[in-house]
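Q: fold the stuff below for me.
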Amino acid sequence: MHMANSRSTITKKPYAKALVFGIFSIASYVAVLTNEVTVREVWAKGGIYTILPIATVFFFSFVHGNFASYVFSVLGIEAKKH
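A: Got it, this is the predicted structure:
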């Protein structure tokens with residue numbers, strides 16, 4: 001009985017998701033850093049362009065946060081459940 005319960009709690013590790021978000025994260029950083037002059041000029045225009053730095057921060061937070069979460073899951077580091 002105990003063996004059946006322990007097998008049902010085994011979950012598949014998200015290797016593919018970690019890889020996809022890792023590649024997406026690196027590609028995003030490369031895209032911004034290789035176009036740094038254009039990004040700086042456009043993001044600094046003000047007016048309606050003010051939304052761009054804010055959206056960029058949310059985008060990078062989402063992508064990098066998911067990547068980090070999946071890497072931790074692959075490594076077996078999970079939040080403590082109460």
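
Q: quick one: contacts of stretch 25-43?
A: Taking CB atoms under 8 Å, 6 or more residues apart in numbering as the criterion, the residues outside stretch 25-43 that touch it are 49, 52-53, 56, 59-60, 63-64, 67. C-beta coordinates here come from the backbone N, C-alpha and C atoms, glycine included.

Q: can you tell me the SS state at E78?
A: At E78 the chain is in coil, as set by DSSP: H, G, I helix; E, B strand; the rest coil.

Q: next, find the distance separating the closest residue to it other than its chain neighbours from G65.
A: The shortest distance from E78 to any non-neighbouring residue, by CB to CB, 6 or more residues apart in numbering, is to F72 (7.3 Å). Separation of F72 from G65 (CB to CB, to the nearest Å): 11 Å.

Q: which stretches of the protein form helices?
A: For the chain, the helices identified by DSSP state H occupy 2-8, 15-34, 36-43, 51-75, in order along the chain.

Q: Throw the ones you listed into JSON lines and include mean pLDDT, distance to H82 and mean neighbour count, thanks.
A: Putting the helices of the chain into JSON lines (pLDDT from 0 to 100; distance: least, CB to CB, whole Å; neighbours: other CB atoms under 10 Å) gives the following:
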{"stretch": "helix 2-8", "mean pLDDT": "52", "distance to H82": "20", "mean neighbour count": "7"}
{"stretch": "helix 15-34", "mean pLDDT": "97", "distance to H82": "26", "mean neighbour count": "14"}
{"stretch": "helix 36-43", "mean pLDDT": "97", "distance to H82": "42", "mean neighbour count": "12"}
{"stretch": "helix 51-75", "mean pLDDT": "96", "distance to H82": "18", "mean neighbour count": "14"}
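
Q: with distance to K81 added, can I get these in JSON lines?
A: Conversion of the helices of the chain to JSON lines gives the following (distance: least, CB to CB, whole Å):
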{"stretch": "helix 2-8", "distance to K81": "16"}
{"stretch": "helix 15-34", "distance to K81": "21"}
{"stretch": "helix 36-43", "distance to K81": "41"}
{"stretch": "helix 51-75", "distance to K81": "14"}
